[in-house]
Structure formats: structure tokens, C-alpha cells
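Chemist: Return atomic coordinates for the entry below.
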Amino acid sequence: MKVPAPQPLSSCHPMTSHSLLDCLAALVIATLPCLASAQTLDKVKSSGSITLGVRDASVPLSYMPDGAQPIGFHVDICQRIVGAVQKQLKIPKITVQYQTVTSQNRIPLVQNGTVDLQCGSTTNNAVRQRDVAFALTTYVEEVRMAVRKSSSIRSVKDLAGKTVVTTTGTTSVQHLRRNVRATGLDIKDVQAKDHSESFLLLEQGRADAWVIDAGLLSATIANAKHPADFAVVGEVLNTEPIAIMMRKDDPAFKAIADSTIREMVRSGEMKSLWEKWFQAPIPPKGVRLDMSAPEGLQRLWAEPNDLPMESFATK
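Modeler: So this is what the prediction gives:
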């Protein structure tokens, strides 16, 4: 890693104790961006391991049906990226470690180096791009709501006076509140710590609706004890690009991730993975989600990019 050359002491003020400290502080600050730069390939080569951030209930992108081994669409893509890293580094083996993350801690754990690749269900937006980087978009989601079929809720306007649960740390909270402000509805907004708790509140009748990605809603309902009791309804609140997340300022690592995704799209492997996780029976109950690839995602397969949600929404 190239460290910026220190300025000559003659360029500082005359050597009082305070000016010397100021000069040294300036040197440290100038050096920090380089020292803090996340050189993941160096880290992996020296340690022989890589840490993947995974979710326990983001079906079918990243989840843990047996409570131990993470599986899913994005987990498979991350495994392919790890294989490409191993080939690039020319090392015999990379030990893959898993770190379960939540909507609240996933970004800090990437920033502080605990997680190298976050393989969950994270929306790529402009605010998050200030703190982390994203690989090419691999999933496109529509934000909607799940309700009990026995309820009268079929549209956002039907939420007046109702309790709506959202998962803490997700962008669906923002979309719901924006929509509520636009319509002037009186909605009680409660937040759950994770997706499992969000659905539990809906399942127990403590919430009237759960707002989150439609694919996650459909997958969660399909694996519920009584899936016929629930439905995904209402208008699309927002369309979002979902991508694998990594640290900023690490172009070499991002280049490997992006080139791997491009090759998976070109070879047809990405389409095969979609069929595996969104159309074929999946664990733990062997249910089929029967979801076709959204038109927005198919366009991205033709022209991959890592643009944030704000740019994506205007296309």
C-alpha cells in the first residue's frame, strides 16, 4: 500500500511544541485514507479466509433453514465470487466464514472489516453508497405489503387506522412513511428487529400489514404454517435494485465481483440460479415461489450496472 509522503518539517510552522504536534497530526490525517482503505484481496491472501455476511430469514436470497448453514440465491453468487478470488490470488484454498447480520448492523460490519461480502437483501441507494460499495445489481424488488386474507386491506388507502409493521433498518420504512404523508393517512407504524419478527407480528394479529420486498413477502408466506391465510396486496410502493455489498475504495475486489456476475449472466448461469431459487422447490419445505424474473432485472441482465435506486427509479 502506498502511503503519502510526509511533508518536510520546514513546511510547518517554527518548531514549538504545539506546532510540532499540529504538524504530526496533519501527517496522520493525510495518511488515514490510505491506511483505512479496504484492500480485501491482501487480507484474504494473508489470512486464507473470507467472511460472508448472511441473513437468517431473507428467503430466498440468503437464509438459514436449519439454523446453521446459509443458503440462497445471493449466497450462491457470493460463493462464485469467492471462487474467482481464489483463482485470481492463485492460492489452493479459501476458508469461508459466515457472519449473520441484521438490517441494522450489516453496513457497520462491512465498514469495520468484520464482513467482506454481504450476501443478503440490501437495497443499493445513494445514501448507502456514501459508506459502502455495491456489486452489479443481481436482483430487482418491488416494495408491497402482506396482509391476512381475512382482512379488508387491499390497497394503501385501506391502511387508515391500522397497524403496519416494518423491519428496522430497511428502506421500506421510508417508502411507507413517504406514502403515508402523501395521502394523509393515520397509520400506527411499528418496527420489528428482523423479518421473522415482522411476520410473527402479522401472523399473531398484532400488525395488520407488513411492508417489505414483495419477493421476501411471497417467500415468507410460502414457508408459513398456514400460507393460504396470507396474501401480497396493494400498490407497488417502490422499485429497488438489490445487490451484494462490500467496502468502499477497493476497486480490485469490486472488479472481481463485477466480472464474476457479468460472466454468470453471459453464460446463462444467472438464469439457471434464478430457476433454482425462484421457480423450483426450495428448502426447507420444498415449496415453489413460482416467480418469474422481473422485467427490470431482465433489462439489467442485458446491460448490467451498479446504479443506485434513485437512478434506477427514473429509468
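
Chemist: just the helices in the stretch 1-150 of the chain please.
Modeler: 17-36, 40-47, 73-89, 106-111 (DSSP state H, counting those that start in this stretch).

Chemist: What helices and strands are in contact with the second one?
Modeler: Which is helix 40-47. Judged by 3 or more C-beta pairs under 8 Å, 6 or more residues apart in numbering; DSSP states H and E, helix 40-47 is in contact with helix 73-89, helix 251-267. Where C-beta positions appear, they are placed from N, C-alpha and C, glycine not excepted.

Chemist: coming back round to it: and the helices of the stretch 1-150 of the chain, which one's lowest on average pLDDT?
Modeler: Lowest mean pLDDT of those: helix 17-36, a mean of 39.

Chemist: separation between Val173 and Glu235?
Modeler: When C-beta to C-beta, to the nearest Å is applied, the distance between Val173 and Glu235 equals 17 Å.

Chemist: which of the two has more neighbours?
Modeler: When Val173 and Glu235 are compared for neighbours, Val173 comes out ahead with 18 against 13, by other C-beta atoms under 10 Å.

Chemist: Not counting sequence-adjacent ones, nearest residue to that one?
Modeler: Distance criterion C-beta to C-beta, 6 or more residues apart in numbering; nearest residue to Val173, sequence neighbours excluded, is Thr166 at 4.5 Å.

Chemist: State the number of residues packed around that neighbour.
Modeler: 26.

Chemist: now it, which residues is it bridged with?
Modeler: Going by DSSP bridges, Thr166 is paired in beta bridges with Gln191.

Chemist: Just the local confidence number for Val143, please.
Modeler: At Val143, pLDDT is 90.

Chemist: Run through the residues that contact it.
Modeler: 171-172, 175, 211-214, 236-240 (C-beta atoms under 8 Å, 6 or more residues apart in numbering).

Chemist: repeat for Glu269
Modeler: Taking C-beta under 8 Å, 6+ apart, one finds 80, 263 in contact with Glu269.

Chemist: From Phe73, how far off is it?
Modeler: In terms of C-beta to C-beta, Glu269 sits 12 Å off from Phe73.

Chemist: And Asp213, by the same measure?
Modeler: In terms of C-beta to C-beta, Asp213 sits 13 Å off from Phe73.

Chemist: Next, show the common contact partners of the two.
Modeler: Joint contacts of Asp213 and Phe73 (C-beta under 8 Å, 6+ apart) do not exist.

Chemist: Between the contacts of Val143, identify the one with the most neighbours.
Modeler: Ile212 (30 neighbours).

Chemist: Am I right that it falls within a helix?
Modeler: No - per DSSP: H, G, I helix; E, B strand; the rest coil, Ile212 lies outside any helix segment and is strand.

Chemist: who's in contact with it?
Modeler: Contacts of Ile212 were listed using C-beta under 8 Å, 6+ apart, and they are 143, 146, 166-167, 170, 172, 195, 198.

Chemist: Looking at these, which is nearest Ile94?
Modeler: His195 (29.2 Å; C-beta to C-beta).

Chemist: Could you check how far the nearest residue to that closest one once chain neighbours are set aside is from Ala160?
Modeler: Using C-beta to C-beta, 6+ apart and skipping residues adjacent in sequence, the residue nearest His195 is Ala57, 4.5 Å away. Applying C-beta to C-beta, the value for Ala57 to Ala160 is 29 Å.

Chemist: Who has more neighbours out of those two?
Modeler: Ala57 (21 against 13).

Chemist: Okay, and the beta partners of the more buried one?
Modeler: Counting by DSSP bridges, Ala57 is bridged to Tyr63.

Chemist: still on that earlier bit, next step: the contacts of Ile212 restricted to strands.
Modeler: 143, 146, 166-167 (DSSP state E).

Chemist: And those residues, which is the shakiest by pLDDT?
Modeler: Lowest in pLDDT among those is Val143, which has 90.

Chemist: mind showing which ranges of the stretch 201-315 of the chain have poor pLDDT?
Modeler: 312-315 (pLDDT under 70).

Chemist: At which residues are the helices of it located?
Modeler: Under DSSP H, counting those that start in this stretch, the stretch 201-315 of the chain gives helices at 214-222, 251-267, 269-274, 295-302, 309-313.

Chemist: what's the most buried one of the ones you listed?
Modeler: helix 214-222 (a mean of 24; mean count of other C-beta atoms under 10 Å).
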